[in-house]
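# Sequence first, then the predicted structure, then my questions.
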Amino acid sequence: MSTSAVITGVGLATALGAGYDATWQGLRTGRSAIADVAPPGGLYPGRGPAPAAALPDDLSDVSAFGRKRLRALSRESLLVSRAGLLAWQDAGLDADGAPAPEDLGVVLGTTGAGLTGYLQVLHDGLTLGTDLVSPYAGPQGSLNAAVSDLAIGADAQGPVLTVTAGRCSGAEALTVAGDLVRTGQAEVVLVAAVDVLDPLTLDAAGAREPGAGGVPAAGDAPAGRPARTPRPFAPEPTGSLPGEAVVVLVVEGTGRALERGARVHAEIAAVGTALGEAGDTDGAAATRAVATALAAAGVAPRDVGLVCSSADGSGPVDRAEAHALGGAFGAHVPVFATGAALGDCAGTTTLLQVALAARALRCGETPATAGLADWSPTLPRLSVSGAPQRCPAAAAALVLTTDDRPGAAAVVLRPPR
């Protein structure tokens, strides 16, 4: 899918901190945010604290859309509202660039937003009785709650949609947003993604045993725990660890952004997606997604100056992306991966990568890749480093997200013209 749209606003929060700058600086130094995290609110105690990358707080110091309704919002809705206002302000829409309500759309990608709220409703209904369950709790326990609340807060009266496609949910949301802008159904789209650590995910992370599923038997992990920092592209995959994050991008037509003199973070040149087959070990879906995105953008592999990979220590994902990127670019293009630092952020992964790749384009430098150790001799060699790498000015960037279900998405970004 080819687009004619640009990113003019970014608002995000990760386990490395609240805000674009905090996350970027943490990544530059190669810091990992993995720590022991307890299941939220004692809802499902499971096996106790589990290693994960959790947001430091719920951005209580950050303003949100629709302040009168904040107490009624789920955690995901509150995070999206706060990050959304950050993106809105970053794009200059709080000044004189705001679109008419009917020209503003909202698209959100997620894997499991609302799951914790849904579990809380069931828990409270069974233990406290239905009379003590908040009437707001039910509607908030759904995939659509966060996008609906963001639309209400931003007074968006254009198209409002939620999409879910595993780790590629953000890429699908970008595709929808590009179509809305290109066809004139919206002038501006808030493209959001959110996923938080639910009790079941944390319990699964805490249940992993050393030596099983690629988890090291000893070394950097306590007994019964995965590696403290996942090791992308390692000879023995460590396995990924879960993370949580929220991202909101302001996407608008190139012409509109130029007319109002907006600062542009990056141009969305193209998005390519592909489905694979079970048992794919050579990255066929990732390879097709990369080829599709490059062709749609009219960008040759030699014109790509940096790549953001979703490798996170998971054997299938790392293997697929190494084959796809090695086949397309060899070892000549700087590559960075964020999964060992931020965790596997589920449906938020692609939008996080897009925001960080856009920053790398502007800075002419990739951040460090945390957790990098020995390289697997069975994988094509890539230019990945545990330190920041310089990248060519005025080159394009490619974002690759792979889901081990399997499927993949690639996004091509160009620097502001």
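Structure's in. What do you need? Numbering: from 1, shown residues only.

# Show me the shaky parts of the stretch 101-250 of the chain.
Regions of the stretch 101-250 of the chain meeting the criterion pLDDT under 70 cover residues 118, 123, 134-141, 207-228.

# For the protein, list the residue farthest from the centre, please.
Computed with C-alpha atoms, centre = their mean, the residue of the chain farthest from its C-alpha average is residue 131, at 37.7 Å.

# now that residue: how far from residue 77?
Counting by C-beta to C-beta, to the nearest Å, the gap between residue 131 and residue 77 amounts to 24 Å. Every C-beta, even on glycine, is put in place using the N, C-alpha and C of the backbone.

# Quick one: neighbours of residue 57, just the number.
Under the neighbour criterion other C-beta atoms under 10 Å, residue 57 is assigned a count of 10.

# Could you pull out the helices in the stretch 251-400 of the chain for me?
For the stretch 251-400 of the chain, the helices defined by DSSP state H, counting those that start in this stretch cover 254-259, 284-297, 315-329, 339-342, 349-363.

# JSON lines please, covering these and showing mean pLDDT and distance to residue 394.
Compiled in JSON lines, the helices of the stretch 251-400 of the chain are given as follows (pLDDT from 0 to 100; distance: least, C-beta to C-beta, whole Å):
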{"stretch": "helix 254-259", "mean pLDDT": "93", "distance to residue 394": "17"}
{"stretch": "helix 284-297", "mean pLDDT": "96", "distance to residue 394": "15"}
{"stretch": "helix 315-329", "mean pLDDT": "95", "distance to residue 394": "17"}
{"stretch": "helix 339-342", "mean pLDDT": "96", "distance to residue 394": "27"}
{"stretch": "helix 349-363", "mean pLDDT": "97", "distance to residue 394": "9"}
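
# any idea of the pLDDT on residue 330?
The predicted structure scores residue 330 at 95 on the pLDDT scale.

# Let me see the contact set for it.
Residues touching residue 330, when contacts are defined by C-beta atoms under 8 Å, 6 or more residues apart in numbering, comprise residue 380.

# domains of the chain?
The domain map for the chain lists 8-201+240-259, 270-414, with the assignment taken from automatic domain parsing.

# closest one to residue 231 among those?
domain 270-414 (4.7 Å; C-beta to C-beta).

# what's the first-to-last distance across that closest one?
Criterion C-alpha to C-alpha, to the nearest Å; first-to-last residue distance in domain 270-414 is 10 Å.

# ok, now stretch 61-75?
End-to-end distance for stretch 61-75: 15 Å, by C-alpha to C-alpha.

# Show me what the biggest strand by length in the chain is packed up against.
Longest strand in the chain by number of residues, with DSSP state E as the criterion: strand 2-14. Other helices and strands packing on strand 2-14, by 3 or more C-beta pairs under 8 Å, 6 or more residues apart in numbering; DSSP states H and E, are helix 20-28, helix 75-90, helix 169-182, strand 245-253, helix 254-259, strand 266-275, helix 349-363.

# Convert that strand to CSV, retaining C-alpha atoms only.
What follows is the C-alpha trace of strand 2-14 in CSV, where atoms were taken according to Å, rounded to 0.1, in the frame of the first residue of the first chain:
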residue,chain,number,x,y,z
SER,A,2,1.6,3.3,-1.1
THR,A,3,0.7,6.4,0.9
SER,A,4,1.1,10.2,0.7
ALA,A,5,1.2,11.0,4.4
VAL,A,6,3.6,12.3,6.9
ILE,A,7,4.1,12.0,10.7
THR,A,8,3.9,15.4,12.3
GLY,A,9,3.4,14.4,16.0
VAL,A,10,4.7,11.7,18.3
GLY,A,11,3.7,10.9,21.9
LEU,A,12,4.8,7.7,23.6
ALA,A,13,5.8,6.1,26.8
THR,A,14,7.8,2.9,27.4
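
# what sits up against stretch 377-387?
Contacts to stretch 377-387, defined as C-beta under 8 Å, 6+ apart, come from residues 30, 232-233, 235, 309, 318-319, 322-323, 325-327, 329-337, 366, 368-370, 372, 375, 389.

# Stretch 276-288 now?
Residues from elsewhere that reach stretch 276-288, judged by C-beta under 8 Å, 6+ apart: 272, 274-275, 316, 319-325, 327-328, 400, 402, 406-408, 410.

# Buried residues in it, which are they?
Neighbour-count burial for stretch 276-288 flags 276, 280, 283-288 (criterion: 16 or more other C-beta atoms under 10 Å).

# Neighbours of the closest residue to residue 322 other than its chain neighbours, how many?
Spatial nearest neighbour of residue 322, chain neighbours left out: residue 379 (4.0 Å); criterion: C-beta to C-beta, 6 or more residues apart in numbering. Residue 379 is flanked by 18 other residues according to other C-beta under 10 Å.
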